[in-house]
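**Q** Sequence and predicted structure below; questions after.
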Amino acid sequence: MQNNSNVRISSVVAAAVSFFVFLAVSLLYNSSVLTNADDTVYEFTAKFMSPTLTAFFKSLTMLGSAVSIVSLCLILLIIPLLRWNNGGRAHLKNGIYVSLVIICSQAFNSLLKYVFLRPRPDILPLVVEKSMSFPSGHAMSSMCLALTLTFIFRSDFKDKSKALVLGIFIIFIAVLIGLSRVYLGAHYFTDVAAGFAAGAFIAFSANIILLNCFPRR
């Protein structure tokens, strides 16, 4: 999308940082430092538990579910088809790109859960989950989607300030979705941190591939 060399360099650096953050967390999540961090973050969120906040986070966490994200991808594919004669072709490319990135994120998350096989937290959960815990699929998919959409906004919007504000907003929502998983007892904080890092790595890597293979002139 972007054809600026500075954007390429920034994406490479961000992808590398994301990878090493994930690598560090994945190797050390059983260390005393990170287990203490898990306990501290959960205890902090527990101080604010209330019926209202629980209802809010239960609603918010649904936005990061596979069903919600797949539904969004379908919308991004269907709407351009319905508006084919009104610029829908260009938007369809974006929809296909977002869908492919999210498919990669979902597949990679499933693989990582199988590799690490980390059980869910043994606290009383406010939501019931059956899959493994590491890394958080909600955090990973939400961050990957938020960053991918931000790249598209930055490329396609003429008003760059509007693109920046919208990008910051959806990244903030992704962060809240990740934190909701800790609040609801579905994940450890390190699951969420690793999910954010893995999602960012996939988003930045996909952006690098796109910049190099399909540069805009």
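**A** Good, I have the coordinates.
**Q** how near is the closest residue to Phe204 other than its chain neighbours to Asn94?
**A** Counting by C-beta to C-beta, 6 or more residues apart in numbering, Ala15 is the residue found nearest to Phe204 once chain neighbours are left out, at 3.8 Å. Every residue, glycine included, has its C-beta placed from N, CA and C. For Ala15, the distance to Asn94 (C-beta to C-beta, to the nearest Å) stands at 20 Å.
**Q** what about the host helix or strand of Lys58, distance to the chain center?
**A** Using DSSP states H and E, the element containing Lys58 is helix 51-63. Helix 51-63 sits 18 Å away from the centroid of its parent chain (C-alpha atoms, centre = their mean, to the nearest Å).
**Q** Give the next helix or strand downstream of it.
**A** With DSSP H and E, the next secondary element past helix 51-63 is helix 66-82.
**Q** Next, the contact list for the spatially most central residue of the chain, please.
**A** In the chain, the residue lying closest to the centroid (C-alpha atoms, centre = their mean) is Met143, at 1.9 Å. Met143 makes contact with 171, 174-175, 178, 195-196, 199-200, 203 under the criterion C-beta atoms under 8 Å, 6 or more residues apart in numbering.
**Q** Distance of it relative to Pro119?
**A** Using C-beta to C-beta, Met143 is found at 23 Å from Pro119.
**Q** Show me what the lowest-mean-pLDDT helix or strand in the chain is packed up against.
**A** Least confident element among the helices and strands of the chain, by mean pLDDT, DSSP states H and E: helix 66-82 (a mean of 83). Judged by 3 or more C-beta pairs under 8 Å, 6 or more residues apart in numbering; DSSP states H and E, the packing partners of helix 66-82 are helix 88-116, helix 137-156.
**Q** who's in contact with stretch 109-118?
**A** By C-beta under 8 Å, 6+ apart, stretch 109-118 touches 26, 29, 131-135, 137, 140-141, 188, 191, 195, 198.
**Q** cool, and stretch 158-171?
**A** Against stretch 158-171 from outside (C-beta under 8 Å, 6+ apart): 143, 146-147, 149-150, 153-154, 156-157.
**Q** can I get these in JSON lines with pLDDT and distance to Leu63?
**A** Formatted as JSON lines, the contacts of stretch 158-171 follow (pLDDT from 0 to 100; distance: C-beta to C-beta, whole Å):
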{"residue": "Met143", "pLDDT": "94", "distance to Leu63": "12"}
{"residue": "Ala146", "pLDDT": "93", "distance to Leu63": "11"}
{"residue": "Leu147", "pLDDT": "94", "distance to Leu63": "16"}
{"residue": "Leu149", "pLDDT": "91", "distance to Leu63": "13"}
{"residue": "Thr150", "pLDDT": "91", "distance to Leu63": "16"}
{"residue": "Phe153", "pLDDT": "85", "distance to Leu63": "18"}
{"residue": "Arg154", "pLDDT": "83", "distance to Leu63": "22"}
{"residue": "Asp156", "pLDDT": "75", "distance to Leu63": "23"}
{"residue": "Phe157", "pLDDT": "75", "distance to Leu63": "22"}
